[in-house]
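Trainee: structure for this input, please:
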Amino acid sequence: MKRLLITLVLVLAPLAAGAEPYPIYASTAVNDYANLLEPDMEAKVVAEIEALRADTGVELTVLTIETRWAYDPSPSIEAFATGLFNTWGIGDAARDDGILILVVRDDREMRIELGSGYNPEYDLPAQDIINNVMLPEFRAERYDLGILTGTRAVADHIARRFAGLPMRDGAVPIGAPSGGGGGLVFGIVFSEVLFGAGVLALIFRRRIGQMIDRYRSCPECGQRGLHTERHVLVQPTSHTRGQGETISRCTHCSWSRTKSYTIPDTSSSSSSSGGSFGGGSSSGGGASGRW
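Mentor: Residues are numbered from 1 along each chain as shown. Prediction:
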C-alpha cells in the first residue's frame, strides 16, 4: 500500500504544478474572508484564541471563506482542510498540536482539522462540537455565535484537555476521548487512509474538480456534464482584496450560473501584525459537518 502511494506521488506530482494556491493568512488567529463576524464578535473570538495560546501554547485558528472551489478544487473538504493546514503549518512543529476551524459559507460545510499530535479519538469531541454547538447556529444563520461558541468548545474540550488542563468554569461536557483500544486501532487506520487520500487529492486538485463537474447533474435539464471555469476580475494587492467569478455551464442545454468570490490580499503571511505559525502538520484527523 505504501509503495503504491509513493509511486503515485512520484508519477503524478507534476500534474499539481498548475493548481491554484490556498488562501493566504493575514493573522494566525482569525481570517474572516467570508465576512461572517461582526467586529465586536471577531474581537471575542480572537480573545478566546489568544487566551488559549497563553494558557497552553496551542495554536488554534479560524478561517471562513465563501467557497473552497475559489482556491483549490479538492474532492472533499477533508482533503482541502488537510492541505491548507499543512501549507500554513498550524501548531508547534514538535507537538503537532494545532487546530483549524474552517467554515465554508456558500458550500454550507465546515471542518475542525486537528494536528497529527492528537490521538484519533479526539475526532469524537470534534464531531460533537460540530453537531451540537456549531451547526444548530449555522442553520439559524447565526454564524457569528456558532463560531464563537464553537471556538470556546474546541478550546475547552480538545485543546485544554490535550494540554492536561481542566476545563474552565461553566464549560458544558459534550464528549471526551475514550480509552477503548479497538477504537484507537480503528482511528489510527482511518487516519492513515485519510492521509493517503489527502496526498492524492493535493496531486490531482484541478483535474479531480473537473472530473467531478462532469458527473454533476444540470439543475435545468437533469443531464450529467457541467463545465466550470474561474476568472480573476480584479487582482488582489497587498492592501486590497481581489474579485473573481466562477462560471458553471451545462454541456447539454443553455443553463449557466455565475458566482462571485473574494480573493484575499497578498500581504505577507509573516507580517508583524499577523505573525506566523509554528510549522505543525496534520494527518487528516478531525471532523466535518454540513448544514
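Trainee: list the buried residues of stretch 77-93.
Mentor: Neighbour-count burial for stretch 77-93, counted by 16 or more other C-beta atoms under 10 Å, picks out 77-92. In short, each C-beta sits where N, CA and C put it, glycine included.
Trainee: and it, C-alpha only, in PDB?
Mentor: The C-alpha trace of stretch 77-93 is given here as PDB (Å, rounded to 0.1, in the frame of the first residue of the first chain):
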ATOM      1  CA  ILE A  77     -13.500  19.500   2.500                       C
ATOM      2  CA  GLU A  78     -11.300  16.900   4.400                       C
ATOM      3  CA  ALA A  79      -8.700  16.900   1.700                       C
ATOM      4  CA  PHE A  80      -8.900  20.700   1.400                       C
ATOM      5  CA  ALA A  81      -8.500  21.300   5.100                       C
ATOM      6  CA  THR A  82      -5.600  18.900   5.500                       C
ATOM      7  CA  GLY A  83      -3.700  20.500   2.600                       C
ATOM      8  CA  LEU A  84      -4.400  24.000   3.900                       C
ATOM      9  CA  PHE A  85      -3.400  23.100   7.400                       C
ATOM     10  CA  ASN A  86       0.000  21.700   6.200                       C
ATOM     11  CA  THR A  87       0.600  24.600   3.900                       C
ATOM     12  CA  TRP A  88       0.100  27.100   6.700                       C
ATOM     13  CA  GLY A  89       2.000  24.900   9.200                       C
ATOM     14  CA  ILE A  90      -0.500  25.300  12.000                       C
ATOM     15  CA  GLY A  91       0.700  24.300  15.500                       C
ATOM     16  CA  ASP A  92       4.000  23.700  17.200                       C
ATOM     17  CA  ALA A  93       6.400  21.600  14.900                       C
END
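Trainee: for the record, mean pLDDT for that stretch?
Mentor: Averaging pLDDT along stretch 77-93 gives 94.
Trainee: would you mind measuring from the residue lying closest to Trp88 once chain neighbours are set aside to Ala54?
Mentor: Nearest residue to Trp88, sequence neighbours excluded (C-beta to C-beta, 6 or more residues apart in numbering): Phe277, at 5.5 Å. Note on Phe277: its distance to Ala54, by C-beta to C-beta, to the nearest Å, is 16 Å.
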